[in-house]
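*Asks:* Everything below, folded, please.
(2 chains)
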Amino acid sequence: MSEYVLKLEHIAKSFFGIAALKDVNFGLRQGELLSLIGENGAGKSTLMNIVSGVLRQDSGSLYLNGEPYQPVKPSDATDAGIAFIHQELNLFTNLSILDNVYINSFKKYPGTPIIKKSAMAARVKEVLEAVDLKVPPETIVEKLSPGERQLVEIAKALSSDPKILIFDEPTTSLTTRETEKLFAIIERLKEEGKSIIYISHILADVQKLSDQIIVLRDGQITDNDKKENFTIQRMISSMIGREINQLYPDKTNHPSGEKVLELKDISQSGIVHKINMDVCKGEVVGMFGLMGSGRSELARIVYGLDPHESGEIRVHGKEIRGITPQKAIQNKMAFVTENRREEGLFMEFTIMDNLSLVSVPEKAKTKLKIVNNDSVKESTQGMVGTLKIKCPPIEKNPAKSMSGGNQQKVVIGKWLLTEPELLIVDEPTRGIDVGAKYEVYSIINQLASEGKGIWVISSELEELMGICDRIIVMGNGEIRGELLREEFDKESIMKAAFNQNGKEEA
Amino acid sequence: MGVLPKKTQTKKKNPKQIVQSMFLSEYFIFYLTVICFVCVIPFVPKIITRSNLLNVMSNLWPLLVVAVGQTFVLLLGGIDLSQVSIIGVTSVIGTVLMSDSFNEGIFSKTPLWGWLIGPDGGPLAGSSMAIPICILVMLLVGTLIGIFNGFFVAQFKMPPFMVTLVTQMFLLSFAIFLTQSRNVMGLPDGFKELGKGYLGGIIPYAAILTLVITVIGYFILSKLVLGKWIYATGANETASLVSGVPIKKVTIFCYAFSGFCAAAGSAIYSARLNMGRPTLGEDLTMDIVGAAVLGGTSLLGGKGKVTWTFFGVLFYTILFNALNLFNLSYYTINIVKGFVILVAACLDVVRTKLAVKISVQDEAGV
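*Replies:* From the prediction side, this is the model:
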């Protein structure tokens, strides 16, 4: 028996002549958790797709328990005991958990095409138990929270009794508590002797979970060491190939006392209750809360996407009644939503059309609203320069041709072209790599320095503590606490956010 | 046609590349039309005679104007099935107003008898302004029906398929009810000029009406903020809402324009027949949607152009004409037509896939 359950030797792969992986070597031991980190496009996904039989390497070999292993299709990997838990949930939300688990291996009455549920229910129960999900196997996936869906995905992977599990960014859509639960399950799987490859952008998690850490950059392994020898600093410099002295830019903004946005007793039953808050000029206000705490919902209400039953929304002291997105934009609000793909961008449209969409009516002066092409070209090109967006020519190429970080910059850019005074950003750095994160923080800092009011919603507390002047903690649709920068304290913020019965304690 | 492939001016290409770039060009359907046309000539030389070409043109105009309206709704990701009935109902309403005599034996049973029409014709009978007023009324009625459709789609988020299917059924029956299934005759002499006459002996009046509306459609989509909004709403409604696009107004506009265009088509169709006919557009649905989709407009919304629809309609009209010249029966023609549309739609899918593949290769620098 070999020391390694999975070993990769000299793996290389290129797409259309561009090398995606160059001479990659590593081994995974039994019961070990190996983290794979790297910026977007570093080759992590390509590598894992080779291991799981989705892609085939150009050269190099793979070994499972010392035996040569060459999957040609994904089911080969499953048969060999390798399970891949994908970043995007691949569940059929209209089907039950049981159906999802057995979607490509339904058990049937012998000799008939009729599904035999009883043969599967017991096993599904077992794997659901293994992931601590206490719902019946018949539950329709639609009714589950994103965290529970992630658990179903893991249960599905476990149902084939794999020896090796690959997790690709499993925590992206999870709340802090669900993440904790997931980590406990991962620990248990390790104790059972399963080997795990864990891919993540969240370096603190990586440090916490890993035995071994491998850093990929431009298709090559740049660092490979035991967890004990790694600091977050070292991970970052190995990932980006240069030293970054800090994760967050130095703050240069100076909040003035002038209020851009004031909320008075905003309520919508079942969603938010009596919310009072404000955002001042030049201030970065953070909002922290678990998923379902009402943080994003509040932003949607303020921006006019969702209704509210009572309360006042004031912009520059002036009350805005019956707010709609159009009124919000007229009042110089901007909203970078959390779902970049669904709500922020038109993936098939050109980058220029994406950048100009919100500001184009303003630039069209005539009564007929004829698009002023020269001004659109000039302003969007200018924004590409200002935000240092790395992209192909913007007139011809669709938004989907850019990386996630640059897509996010385009969404921010399209709002900056309206010269907003209040910018609401929801999860601004979700799914983008470390380098791009730093740039987004710098943009936020820069805008605040120019006197804009910024309201940042995030489930990454470190990020808020790094960039905000003030943090508001939400829970259960209410404001649970408010801390100024000098009072920032991770523990008390988490406590406030987790506490389900704030009122009784107070 | 005035529209030539843009990429021909660059360095010489080998024949394979020329074929490939033609196949991938957005004017593919136009090239296909030309090929189809040329291939038919040896078999039916009659196709290039002046009288046949004039016939092709006169079939082209009304279908084009209706299909342009349909394109706007398709761009939203919707569909307007009611256009065919708008054609019928506006045909009846417009002609009833200007007809100068009704046969009492036939029309006295209609609900219009006595208060709107009588033995001496409709209210505008004999008036010198009858024709323009009646056409305006038709356009207005078409637009109002479109607004009705759009309102239900935009306000209540009802599936466009359902809303317009209901209006299609309702309006067809309503048109038949209005005249008790009779055709309206006795129209002023000038009216049939819209179908057959030429301005200065050269340009058909139908062409003028159609081209004016087509150019307006083109202008809206390519030059106005409204056009940007239509594409945005069709491609991603949620993102449009967040971006401050007035999606309800945009939706209502598109359906209204669709109704307007259907009414314009109805005016031309009615003039060609020189009568008002409640079932005028009855079997046109496939022609309208088919021509727009053949041009490349996507049923999923967000993708399409007026110029594409123009080429789609051209292809459709010439195909139909060629099949007619082969002296095939009505049913045989429909069988062949259906088959050709299937092949063309299939080619479009292949084209799109190929284009994606080639653009990936280009990006990778190969």
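*Asks:* Doesn't residue A:261 lie inside a helix?
*Replies:* No: looking at residue A:261 with DSSP: H, G, I helix; E, B strand; the rest coil, it is strand, so not inside a helix.
*Asks:* For it, give me its contacts.
*Replies:* The contact partners of residue A:261, by C-beta atoms under 8 Å, 6 or more residues apart in numbering or on different chains, come to A:278, A:279, A:302, A:313, A:314, A:315, A:333, A:422, A:453, A:455. For the C-beta atoms, the positions are set from N, CA and C on the backbone; glycine is no exception.
*Asks:* Please report how far the closest residue in space to residue A:227 that isn't next to it in sequence lies from residue A:282.
*Replies:* In space, residue A:227 comes closest to residue A:210 once its chain neighbours are excluded; the distance is 4.5 Å by C-beta to C-beta, 6 or more residues apart in numbering or on different chains. Residue A:210 sits 40 Å away from residue A:282, going by C-beta to C-beta, to the nearest Å.
*Asks:* and the stretch 201-350 of chain B, which residues reach chain A?
*Replies:* Within the stretch 201-350 of chain B, the positions near chain A by C-beta under 8 Å from any C-beta of the partner chain are B:223-228, B:231-232, B:235-236, B:238-239, B:241-246, B:302-303.
*Asks:* Inside helices: which ones of the residues you listed?
*Replies:* The helices, defined by DSSP state H, take in B:223, B:225, B:226, B:227, B:228, B:231, B:232, B:235, B:238, B:239, B:241, B:242 from these.
*Asks:* Mind pulling up the pLDDT for the last one?
*Replies:* The confidence metric pLDDT takes the value 94 at residue B:242.
*Asks:* what does the second one give?
*Replies:* Per-residue confidence (pLDDT) for residue B:225: 94.
*Asks:* Can you point out the buried residues in stretch A:488-497?
*Replies:* Residues of stretch A:488-497 classed as buried: A:488, A:493, A:496, A:497 (neighbour count, 16 or more other C-beta atoms under 10 Å in any protein chain shown).
*Asks:* coming back round to it: give the contact list for the residue nearest to residue A:227.
*Replies:* Contacts of residue A:210 by C-beta under 8 Å, 6+ apart are A:33, A:34, A:35, A:198, A:227.
*Asks:* biggest separation within those residues, which pair?
*Replies:* Greatest spatial distance in the contacts of residue A:210: A:198 and A:227, 11.4 Å, computed using C-beta to C-beta.
*Asks:* one step back: between the contacts of residue A:261, which is closest to residue A:347?
*Replies:* Nearest member of the contacts of residue A:261 to residue A:347, counting by C-beta to C-beta, is residue A:333, at 24.4 Å.
*Asks:* and that closest one, how many neighbours?
*Replies:* Neighbourhood size, residue A:333 [other C-beta atoms under 10 Å in any protein chain shown]: 28.
*Asks:* just residue A:26 next, same as before
*Replies:* Look at residue A:26: counted by other C-beta under 10 Å, it has 19 neighbours.
*Asks:* just residue B:353 next, same as before
*Replies:* The number of residues packed near residue B:353 is 10, by other C-beta under 10 Å.
*Asks:* pretty sure residue A:480 is in a helix, no?
*Replies:* No: membership of residue A:480 in a helix is not supported by three-state DSSP, which gives strand.
*Asks:* Check the gap between it and residue A:490 for me.
*Replies:* According to C-beta to C-beta, residue A:480 stands 15 Å off from residue A:490.
*Asks:* what does residue A:312 give?
*Replies:* 33 Å.
*Asks:* next one: residue A:67
*Replies:* Using C-beta to C-beta, residue A:67 is found at 47 Å from residue A:490.
*Asks:* Contacts only, for residue A:471.
*Replies:* A:285, A:286, A:287, A:288, A:464, A:465, A:482, A:483, A:488, A:493.
*Asks:* Which of the three states applies to it?
*Replies:* strand.
*Asks:* give me every residue that touches the residue lying closest to it once chain neighbours are set aside.
*Replies:* Closest residue to residue A:471 apart from its sequence neighbours, by C-beta to C-beta, 6+ apart: residue A:286 at 4.2 Å. Applying C-beta under 8 Å, 6+ apart to residue A:286 gives the contacts A:456, A:457, A:458, A:464, A:465, A:467, A:468, A:470, A:471, A:472.
*Asks:* okay if I get these as JSON lines plus pLDDT?
*Replies:* Supplementary listing: those in JSON lines, determined by pLDDT from 0 to 100:
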{"residue": "A:456", "pLDDT": "96"}
{"residue": "A:457", "pLDDT": "95"}
{"residue": "A:458", "pLDDT": "91"}
{"residue": "A:464", "pLDDT": "93"}
{"residue": "A:465", "pLDDT": "92"}
{"residue": "A:467", "pLDDT": "94"}
{"residue": "A:468", "pLDDT": "95"}
{"residue": "A:470", "pLDDT": "95"}
{"residue": "A:471", "pLDDT": "95"}
{"residue": "A:472", "pLDDT": "95"}
